[in-house]
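> when you get a sec, could you give me coordinates for this:
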Amino acid sequence: MPSGSLPADGFSHNRVQYIEDPFPFYALMREQSPAHWAREIFGGAWLMFRHEDCARLMQDERLSNARADVPLRFLPPEQRDEFADLLGIYGRWLAFHDGKEHTRGRRLVNRGYAPFTDEHFEPRIQRIVDELLDRVDPAGFDLIADFAFPLPAMVIADVLGVPVGVHQDLNRWTDDIAHLFGSTSVPVEHLYRTRESTRQLAAFLASESSARLSRAKGGLLHRLRQIEVRGSRLSEPDVVAQAALLLFAGVASIRYLIGNSVHALDSVPATERELLLNPPTARPAVEELLRVCTPVSFVGRVAGSDFDYTASDGTVVPLREGQPLLLYIASANRDPDVFDRPDELVLDRPLPNRHLTFGIGRHLCFGDPLVRQTTRIALSTLYTRWPELTVPPQEADWNNNLGFHGFTSLRVTGED
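Prediction:
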């Protein structure tokens, strides 16, 4: 059954029918039900599919980011208490803060980031990219397993100043967390595994060995412990939480963006891919890949109070305090009311590209420069080495949740 004809009432982030190709479904929802009530998702949630609504709601101060508990809402209340310890870490993430607390934390984290300029990152990312690509067989390799999977964990470990060699553990821990936040329902067994992965990740980041190495390397983990702004500092649990957030948000996003991009670029002539090789043209090309190949399908909010919101189609949405909203940026990024030729990859699309991949407003993703730069260096190096890189015919091997949309395996060849 084509995904455009799939029923909205059966929508789930974990049904393969929606994962394989969600874009016809998104188009149908933008047209017929841009503000959709889904009673089966998180005990009842509003799903928004148009660019106008997603952009407005991401900046609506009546909505809250205090949504760390939303993925647990499919559980009965008595069972949620068993996993309350997870919220001790997730609830400290800046992504889940509002108002003055968010402003204070963002100011501290931004100060920690200040020395990490593009010029600082460039040679470090390039070195890791080259090391990984030197090991592959250009006659045929798995782009995800051999390159896109280890790369972001290694880059972010280097940024934090922790051992790059633990990238496999970082991937495993953050993948368990990403599956929880990218799904609309998970087995309780996965919750147990996610709790253990969260504990192990926090313990690793809090360990004396990680602290000692980050201090010696001048890494971000150490800087977050040292930064003070207007007499305010991050507590040790907050330092660990923000480092875990950077790993959670960055590892899966970069991995799937690289895989999705190479898959999309396979249909583009090699002459057009050359736009990625030159700095003046690479920026709009990467922005267009962020729009079309969006790795994170939605952002969440919860209603901070009872209020009515009038959607772009005139629907009055009666929001009640604590109710979740899922804003589908992957749908908004292909809204024909905003983008000409919305489903086409136009690598020279003029800037500014109004995609919502990193959000908008005060909650703009603070890791976006690292995602952009790592993706640009990865793709430019791939196509510099192998201008004719192709994706042979194969059965698509998709991730198992739509929240983080991308391939878990993608065979490519650099040879004709």
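> please count neighbours and contacts with C-alpha atoms only from this point.
OK.
> pLDDT below threshold where in the stretch 301-416 of the chain?
Counting by pLDDT under 70, the stretch 301-416 of the chain has low-confidence residues at 416.
> can you give me the helices for it?
Listed in chain order, the helices of the stretch 301-416 of the chain (DSSP state H, counting those that start in this stretch) span residues 329-332, 368-385.
> select, out of these, the one closest to residue 138.
Nearest to residue 138 among these is helix 368-385 (9.3 Å), distances taken as CA to CA.
> lowest-pLDDT helix or strand in the chain?
With mean pLDDT, DSSP states H and E as the measure, the helix or strand of the chain carrying the lowest mean pLDDT is helix 77-80 (a mean of 81).
> wait, which of the helices of the stretch 301-416 of the chain is closest to residue 71?
For the helices of the stretch 301-416 of the chain, the distance to residue 71 is smallest for helix 329-332, at 18.6 Å, taking CA to CA.
> could you give the number of residues near residue 223?
Residue 223 has 22 neighbours, counted by other CA atoms under 10 Å.
> before we move on, which element is it in?
Assigned by DSSP states H and E, residue 223 belongs to helix 220-226.
> got a list of contacts for that helix?
The list of residues contacting helix 220-226 from outside it, by CA atoms under 8 Å, 6 or more residues apart in numbering, reads 108-109, 112-113, 159-162, 211, 214-215, 233-236, 239-240, 243.
> who does the next helix or strand after that helix pair up with?
Proceeding C-terminally, helix 220-226 gives way to strand 228-229 as the next helix or strand, assigned by DSSP H and E. For strand 228-229, the pairing partners within the sheet under DSSP bridges are strand 232-233 (antiparallel).
> quick one on the thing from earlier: please export the C-alpha coordinates of the least confident helix or strand of the chain as PDB.
In PDB, the C-alpha atoms belonging to helix 77-80 read as follows (Å, rounded to 0.1, in the frame of the first residue of the first chain):
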ATOM      1  CA  PRO A  77       1.200   5.600  35.900                       C
ATOM      2  CA  GLU A  78       2.400   3.000  38.400                       C
ATOM      3  CA  GLN A  79       4.900   1.600  36.000                       C
ATOM      4  CA  ARG A  80       6.300   5.000  35.100                       C
END
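> where along the protein do the strands fall?
Counting by DSSP state E, one finds strands in the chain at the ranges 35-38, 45-48, 63-64, 141-142, 228-229, 232-233, 299-303, 307-310, 316-319, 324-327, 397-398, 407-409, 411-412.
> packing partners of the longest one?
Here strand 299-303 touches strand 63-64, strand 324-327, going by 3 or more CA pairs under 8 Å, 6 or more residues apart in numbering; DSSP states H and E.
> so how far does stretch 226-238 reach from one end to the other?
Chord length of stretch 226-238, first to last residue, is 12 Å (CA to CA, to the nearest Å).
> ok, now stretch 213-228?
This stretch, stretch 213-228, spans 21 Å end to end (CA to CA).
> what comes up buried for it?
Residues 213-215, 217, 219-225, 227-228 are the ones in stretch 213-228 that count as buried (16 or more other CA atoms under 10 Å).
> go through those residues and name the one nearest residue 31.
Where the buried residues of stretch 213-228 are concerned, and distances follow CA to CA, residue 31 has its nearest neighbour in residue 220, at 44.6 Å.
> what's the separation between that closest one and residue 158?
If you measure residue 220 against residue 158 using CA to CA, the figure is 9 Å.
> what's the burial count for residue 364?
By the measure other CA under 10 Å, the count of residues near residue 364 is 14.
> ok, back up a step: whichever of the contacts of helix 220-226 end up buried, select them in PyMOL.
Restricted to the buried members of the contacts of helix 220-226, where burial is judged by 16+ other CA under 10 Å, the PyMOL selection command reads as follows:
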select buried, resi 108+109+112+113+159+160+161+162+211+214+215+233+234+239+240+243
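> now, the contacts of helix 220-226 that are in helices?
When these are checked against helices using DSSP state H, the ones located there are 108-109, 112-113, 159-160, 211, 214-215, 236, 239-240, 243.
> can you list those residues in a markdown table and add pLDDT and distance to residue 372?
Compiled in a markdown table, the ones in helices among the contacts of helix 220-226 are given as follows (pLDDT from 0 to 100; distance: CA to CA, whole Å):
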| residue | pLDDT | distance to residue 372 |
| --- | --- | --- |
| 108 | 88 | 22 |
| 109 | 89 | 19 |
| 112 | 85 | 19 |
| 113 | 82 | 15 |
| 159 | 95 | 15 |
| 160 | 96 | 18 |
| 211 | 95 | 27 |
| 214 | 96 | 24 |
| 215 | 96 | 26 |
| 236 | 95 | 29 |
| 239 | 95 | 24 |
| 240 | 96 | 24 |
| 243 | 95 | 19 |
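> JSON lines for those, including distance to residue 285?
What follows is these, written out as JSON lines (distance: CA to CA, whole Å):
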{"residue": "108", "distance to residue 285": "32"}
{"residue": "109", "distance to residue 285": "29"}
{"residue": "112", "distance to residue 285": "29"}
{"residue": "113", "distance to residue 285": "25"}
{"residue": "159", "distance to residue 285": "25"}
{"residue": "160", "distance to residue 285": "28"}
{"residue": "211", "distance to residue 285": "38"}
{"residue": "214", "distance to residue 285": "34"}
{"residue": "215", "distance to residue 285": "37"}
{"residue": "236", "distance to residue 285": "39"}
{"residue": "239", "distance to residue 285": "34"}
{"residue": "240", "distance to residue 285": "34"}
{"residue": "243", "distance to residue 285": "29"}
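> now, which of those sits nearest residue 274?
Distance ranking of these against residue 274, using CA to CA, places residue 159 first at 28.8 Å.
> wait, the closest one sits on residue 219?
Yes. Taking CA atoms under 8 Å as the contact criterion, residue 159 and residue 219 are neighbours in contact, 5.8 Å apart.
> list the contacts of the spatially closest residue to residue 332 that is not a sequence neighbour.
For residue 332, ignoring the flanking residues on the chain, the nearest one in space by CA to CA, 6 or more residues apart in numbering is residue 51 at 4.0 Å. Under the criterion of CA under 8 Å, 6+ apart, the neighbours of residue 51 are 329, 331, 332, 333, 335, 338.
> all set, thanks.
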